[in-house]
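>>> generate a structure from the sequence data that follows.
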Amino acid sequence: EGWLLDQHFLDQPGRKKAQLALAYDYKSNLAAYPDWQAWLRAHRPPTLITWGTGDPFFTPDGARAYLRDLPDAELHLFPTGHFALEDHLPEIAPLIAGFLDRAWNRPASEAS
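As a prediction, this is how the structure comes out:
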């Protein structure tokens, strides 16, 4: 029922206008992709990707595309939709904890 809480906040005054502005301006995100991808390739930050295979907006191919710029990223696909964390918290939470432990304990020479 996480979507009910999300919807509650989306229904607050002024939020619909803000959400519509974001949706209408999505083309500016697409134009920025080459810059973001170049930054990822240059800096290679530690990255954990958890993704729902049934997300109608962000497909598994989109998750795998990150690996072209971040070949060392950890990718975990789950049989769920857009809200993978809400649907698979018991599986994803330990992945996040382990990832953060490893990322925070990296030698300084590996940090970007």
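>>> what comes up buried for stretch 85-100?
86-88, 92, 99 (16 or more other C-beta atoms under 10 Å). Yep, even glycine has a C-beta here, placed from its N, CA and C like the rest.
>>> quick check, nearest of these to G52?
D87 (7.3 Å; C-beta to C-beta).
>>> give me the pLDDT for the closest one.
Per-residue pLDDT puts D87 at 92.
>>> quickly note the distance from it to P60.
15 Å (C-beta to C-beta, to the nearest Å).
>>> make TSV out of the buried residues of stretch 85-100 and add secondary structure and distance to Y24.
Below are those laid out as TSV (DSSP: H, G, I helix; E, B strand; the rest coil; distance: C-beta to C-beta, whole Å):
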residue	secondary structure	distance to Y24
E86	helix	27
D87	helix	29
H88	coil	32
I92	helix	31
F99	helix	34
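>>> which of the residues you listed lies closest to A38?
Out of the buried residues of stretch 85-100, the member with the shortest distance to A38 (by C-beta to C-beta) is F99, at 23.8 Å.
>>> ok, and the closest non-adjacent residue to that closest one?
By the measure of C-beta to C-beta, 6 or more residues apart in numbering, the closest residue to F99 outside its immediate chain neighbours is L48, 4.2 Å from it.
>>> same check, this time on A73
Per C-beta to C-beta, 6+ apart, closest to A73 is T47, 3.9 Å.
>>> do P60 as well
Using C-beta to C-beta, 6+ apart, the nearest residue to P60 is T53, at 5.1 Å.
>>> surely that neighbour touches P79?
Yes: look at T53 against P79 with C-beta atoms under 8 Å: they come within range, at 5.7 Å.
>>> those two - which one has more neighbours?
T53 (13 against 10; other C-beta atoms under 10 Å).
>>> for the more buried one, list the residues it contacts.
60, 77-80 (C-beta atoms under 8 Å, 6 or more residues apart in numbering).
>>> now, those that are in strands?
77-78 (DSSP state E).
>>> which one (most neighbours) among the contacts of T53?
Busiest of the contacts of T53 [other C-beta under 10 Å] is T80, holding 19 neighbours.
>>> ok, L70 - how many residues close by?
When neighbours are counted by other C-beta under 10 Å, L70 comes out with 19.
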